[in-house]
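Student: Based on what follows, work out the 3D shape:
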Amino acid sequence: MRITDTSDLWYKNAVFYCLDVERFLDSDSDGVGDFAGLAQRIDYLTQVGVTCLWLMPFYPTPGKDDGYDVADFYGVDERLGTHGDVVEVIRTAKDRGMRVIIDLIVNHTSDQHPWFQQARQSTDNPYRDYYVWRSDEPPDTSDKVVFPDQEDSIWTKDDATGEWYLHHFYSHQPDLNIANPEVQDAIAKVMGFWLQLGVDGFRIDAVPFFLNDLGMSQREKEDFSEPHKYLRALRRFLHRRSGDGILLGEVNVPYEDQVEFFGRDEGDELSMMFDFVGMQAMYLSLARQDARPLAAALRDRPVSRINPDSQYATFVRNHDELTLDKLSDDERQEVFDAFGPEPEMQLYGRGLKRRLPPMLDGDPRRLKLVYSLLFALPGSPVLFYGEEIGMGEKLDLSGRMAVRTPMQWTSETNAGFSGAEPDKLVAPLVDGAFGPEHVNVVDARRDPDSLYAHITTLAQRYRECPELGWGEFELLDQPHTAVLAHRSSWDEVAMVLLHNLGAEAVTVPLTLPEDASALLVDLLNGGDCTVDERGRVEMALEGFGFRWMRVQHPGERRLP
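Tutor: Below is the predicted model:
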């Protein structure tokens with residue numbers, strides 16, 4: 001077993017946990033979560049099994065896009081604490097063996113950022129070229145807006161200079177001109193600053209948007225003719241400052257286009273990439289109770305064309321809308337019909353503003369099945385805060401904010417999140433069947449059958465089995481369309497994993513490369529089964545059941 005590889009490339013079998021500091025725990029009863037509160041909960045995250053903490057933006061901000069409208073890349077929102085508080089969180093996390101990555105927003109700034117405030121002073125201001133401008137009236141770009149309910153163009157006229165500036169997202173978030181070497185240097189300095197304070201890498205927001213040349217001058221297009229050179233430069237800079245630092249990219253593009261963002265077989269661009277395609281296929285499979293869409297997506301992953309050090313990040317839910325944009329119209333409607341039939345549950349016509357437990361009507365069998373899939377599929381699992389206890393959403397909040405509600409610690413007032421008056425909270429609490437009276441950390445930790453107990457067990461088993469994060473993935477032939485059966489092998493170790501997405505119990509016949517000396521040990525439920533002399537074995541699965549079977553050979557020293 002290559003111990004040096006597993007320790008150096010730590011992200012290959014890490015358990016990531018994304019949280020919004022202002023919604024996690026309020027230490028001073030002002031209604032806003034803060035770094036001092038987060039520091040008090042690092043031990044809790046350790047108990048969950050988290051090995052890498054991903055912090056959503058905590059920079060100073062006007063607050064128009066939940067922190068993604070950054071007004072100072074070097075600062076800390078004063079409501080959340082100080083640089084000293086950030087360092088204390090990082091130090092505490094590292095003391096518990098946990099790494100920390102933070103959001104890096106390269107695509108845009110807030111329109112209140114000093115760079116943009118300078119840029120709009122005049123057309124010859126030194127900061128003018130930090131952004132993308134045009135002097136002539138732009139054509140109709142309503143089909144290119146990311147938030148069609150909020151914007152009708154990706155160009156907005158600045159009254160101060162009479163020119164239009166580019167913004168792929170909101171009009172208060174002008175796009176940076178990444179072709180400008182001064183902007184590239186400025187972003188590198190930001191990375192260097194936070195690396196010096198101890199972070200282990202960055203989740204890079206909206207990667208495909210800042211690697212395009214829309215609106216650039218002809219000279220800039222020529223200078224930026226190979227945009228992926230910039231991504232490679234960021235990776236080189238990162239590794240000069242932090243040899244094992246990572247870049248985790250938000251790249252929602254088809255598989256054939258993802259190869260370039262990984263840096264092909266050189267692996268010199270993004271370290272990791274979210275598997276948006278696989279996530280959307282999983283929801284289609286869940287809606288149909290048919291594993292074939294998910295199996296097809298996993299089969300299509302371009303793993304043979306990327307460096308083996310590269311890694312996919314698997315996820316059930318992220319902090320944005322649950323996008324279904326890579327499904328066909330008919331497929332998307334199937335998922336809507338199954339999990340979000342009401343218009344208020346849908347967003348932008350392409351996704352859902354829901355968390356998983358309400359989508360599955362709180363069915364513990366299906367919830368546990370999905371999270372077993374999350375940890376069993378090839379890649380590194382990413383949890384969104386509150387997933388481990390089964391939090392729901394608040395549909396009357398607009399857009400993506402529906403899933404960004406305060407963490408539910410207890411059944412007490414304000415869910416134990418804050419001592420402030422309820423109307424002072426940074427966001428309202430979830431109510432109803434998934435509110436804190438029914439779903440909270442304290443109750444979940446006391447219940448051996450809770451989703452929390454299940455996820456902590458999965459995290460522990462995942463960490464014990466490097467073949468899950470590192471291994472070669474192989475789909476196994478079997479006759480049941482509802483069943484996903486796969487094998488993960490790495491060096492001389494292997495696991496067989498089965499998931500029944502259907503309600504009916506089945507018996508799954510498999511033919512494995514192992515001989516009759518092999519024993520299949522159930523890592524979740526105990527017990528074992530043997531392989532016959534022809535490598536055949538049959539395994540029973542309940543409706544919505546799953547099994548993690550470790551292939552154990554005589555004399556093997558790993559603990560079963």
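Student: Which element, helix or strand, includes Glu538?
Tutor: strand 536-541 (DSSP states H and E).
Student: Flag every buried residue along that strand.
Tutor: Val537, Met539, Leu541 (16 or more other Cβ atoms under 10 Å). For glycine as for every other residue, the C-beta is placed from the backbone atoms N, C-alpha and C.
Student: Contacts only, for Pro174.
Tutor: For Pro174, the contacting residues are His108, Thr109, Asp111, Phe116, Ala119, Tyr131, Val132, Tyr165, Leu166, His167, by Cβ atoms under 8 Å, 6 or more residues apart in numbering.
Student: With Ala160 instead?
Tutor: Arg120, Gln121.
Student: quick one: secondary structure of it?
Tutor: coil (DSSP: H, G, I helix; E, B strand; the rest coil).
Student: ditto for Gly84
Tutor: Gly84 ends up helix, using three-state DSSP.
Student: so how far is Asp325 from it?
Tutor: Noted for Gly84: a distance of 41 Å to Asp325, by Cβ to Cβ, to the nearest Å.
Student: Now do the nearest residue to Tyr130 once chain neighbours are set aside against Pro138, distance only.
Tutor: In this structure, Tyr130 finds its nearest non-sequential neighbour in Trp115, 4.9 Å apart by Cβ to Cβ, 6 or more residues apart in numbering. According to Cβ to Cβ, Trp115 stands 22 Å off from Pro138.
Student: more crowded one of these two?
Tutor: A count of neighbours by other Cβ atoms under 10 Å puts Trp115 above the other of Trp115 and Pro138, at 22 against 14.
Student: That one belongs to a helix?
Tutor: Yes. Assigned with three-state DSSP, Trp115 falls within a helix.
Student: show me what contacts Arg232?
Tutor: Gly263, Asp268, Glu269.
Student: from those, which would you call buried?
Tutor: Buried, going by 16+ other Cβ under 10 Å: Gly263, Asp268, Glu269, out of these.
Student: Return the member of these nearest to Pro60.
Tutor: Glu269 (29.5 Å; Cβ to Cβ).
Student: If you drop the residues flanking it in sequence, what lies closest to that closest one?
Tutor: Glu269's closest residue in space is Gly263 (Cβ to Cβ, 6+ apart), at 3.6 Å.
Student: Next, find the distance separating the one you found from Glu321.
Tutor: Applying Cβ to Cβ to Gly263 and Glu321 gives a distance of 28 Å.
Student: Kindly check the end-to-end length of stretch 293-310 for me.
Tutor: End-to-end distance for stretch 293-310: 24 Å, by Cα to Cα, to the nearest Å.
Student: the helices in the stretch 51-200 of the chain, which residues?
Tutor: 83-95, 114-119, 181-196 (DSSP state H, counting those that start in this stretch).
Student: any idea which of these is most buried?
Tutor: helix 114-119 (a mean of 19; mean count of other Cβ atoms under 10 Å).
Student: Confirm that Val521 sits in a strand.
Tutor: Yes. Using three-state DSSP, the assignment for Val521 is a strand.
Student: That one pairs with what?
Tutor: Beta-bridge pairing of Val521 under DSSP bridges involves Asp528, Arg550.
Student: Can you name the residues that contact it?
Tutor: Asp528, Met549, Arg550, Gln552, Pro560.
Student: Among those residues, which has the minimum pLDDT value?
Tutor: pLDDT across these is at its lowest for Pro560, which sits at 68.
Student: related to what we said a few turns ago, reformat the helices of the stretch 51-200 of the chain as a markdown table; add distance to Glu151 and mean pLDDT.
Tutor: Listed next are the helices of the stretch 51-200 of the chain as a markdown table, based on distance: least, Cβ to Cβ, whole Å; pLDDT from 0 to 100:
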| stretch | distance to Glu151 | mean pLDDT |
| --- | --- | --- |
| helix 83-95 | 32 | 98 |
| helix 114-119 | 17 | 98 |
| helix 181-196 | 23 | 97 |
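Student: who wins for proximity to Val506 among those?
Tutor: Closest to Val506 of the helices of the stretch 51-200 of the chain, according to Cβ to Cβ: helix 83-95, at 42.7 Å.
Student: for that closest one, the distance to its chain's centre please.
Tutor: Distance, stretch centre to chain centre, for helix 83-95: 22 Å (Cα atoms, centre = their mean, to the nearest Å).
Student: re earlier: tell me if I'm right that the residue nearest to Glu269 and Leu270 touch.
Tutor: Yes. Under the criterion of Cβ atoms under 8 Å, Gly263 makes contact with Leu270 at 7.2 Å.
Student: overlap in contacts of the two?
Tutor: Leu231, Arg235, Ser310.
Student: of all those, which comes closest to Glu387?
Tutor: Looking across these and measuring by Cβ to Cβ, the closest to Glu387 is Ser310, at 24.9 Å.
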